[in-house]
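Participant: Quick check, what structure comes out for this input:
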Amino acid sequence: MKPKLPLYIAVQLEAGFDEDRRRIWLPLPATKKQFETAKKAIDNHCSGVILHRFVCKVPCVGQFIGKSPLSKINHLASRLKTLDYEQVLKICAISESNLLFDTVEEMIEFTYNTKKYTLSPDYFNMEAVWSDASDKSGEFTSLGYLMREAGYDGKPKDRRVPASLDLRGGFGEELYEELETDCV
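Facilitator: Numbers count the residues shown, from 1 in each chain. A predicted model of the protein is given here:
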């Protein structure tokens, strides 16, 4: 069995002002109860919390994470936990290719349709691809030859955020404004 490659997303919540400012990191995915517990830990005056920053260790995510609602990022984090080693390698290969995801919704859609992409780790040049006597079209990456199923555009379908992961609740729209990102 192959080892699980770590994919990690966390948010830093902030409450208070100036010298009374408090922050806490919340790993995602988080349930509403976990979010409430973190919120209560830093917001003892009920003044409200904001998202201060994200940290992520997921290829492709840094480009759109700060422009996405927390509920969608939380849903993505839960979906990433379902991926196996080969599926995570596909994400890494996609991040090096022209098939790169443009939105968090496209990345969520990938987690539901990982078989729409094929990564051939033994192919690193055209000679190897054509010697397989296949009619293949795709892109070379450092992880091998990446192909997307013909006709599959990766555009998101309506994938509802599970109620237990939808952190919108009554926390206000300030949680969804463009955020500072800190992606590694």
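Participant: Could you say which helix or strand holds residue 88?
Facilitator: helix 85-95 (DSSP states H and E).
Participant: again, but for residue 145
Facilitator: strand 144-148.
Participant: Note down every partner strand of that strand and its orientation.
Facilitator: strand 117-120 (antiparallel), strand 139-141 (antiparallel) (DSSP bridges).
Participant: Return the set of buried residues in the shortest one.
Facilitator: The one in question is strand 139-141. Residues of strand 139-141 classed as buried under the neighbour-count rule (16 or more other C-beta atoms under 10 Å) are 140-141. All C-beta atoms are positioned from the backbone trio N, CA, C, and that covers glycine.
Participant: centre of the chain versus that strand, how much separation?
Facilitator: 22 Å (C-alpha atoms, centre = their mean, to the nearest Å).
Participant: same thing with stretch 10-22?
Facilitator: For stretch 10-22, the distance to the chain centre is 24 Å (C-alpha atoms, centre = their mean).
Participant: which regions of this structure lie under the pLDDT threshold?
Facilitator: Applying pLDDT under 70 to the chain picks out residues 1-5, 45-46, 123-137, 154, 164, 166-184.
Participant: All the helices of it, residue numbers only.
Facilitator: 32-42, 70-80, 85-95, 104-112, 126-131 (DSSP state H).
Participant: Indicate which one of those helices is closest to residue 53.
Facilitator: helix 70-80 (12.3 Å; C-beta to C-beta).
Participant: Hmm, residue 109 is touching residue 158, no?
Facilitator: No. Assessed by C-beta atoms under 8 Å, residue 109 is found out of contact with residue 158, at 10.2 Å.
Participant: Have a look at these two and say which one is more surrounded.
Facilitator: For residue 109 and residue 158, the more surrounded residue by other C-beta atoms under 10 Å is residue 109, and the numbers stand at 20 against 5.
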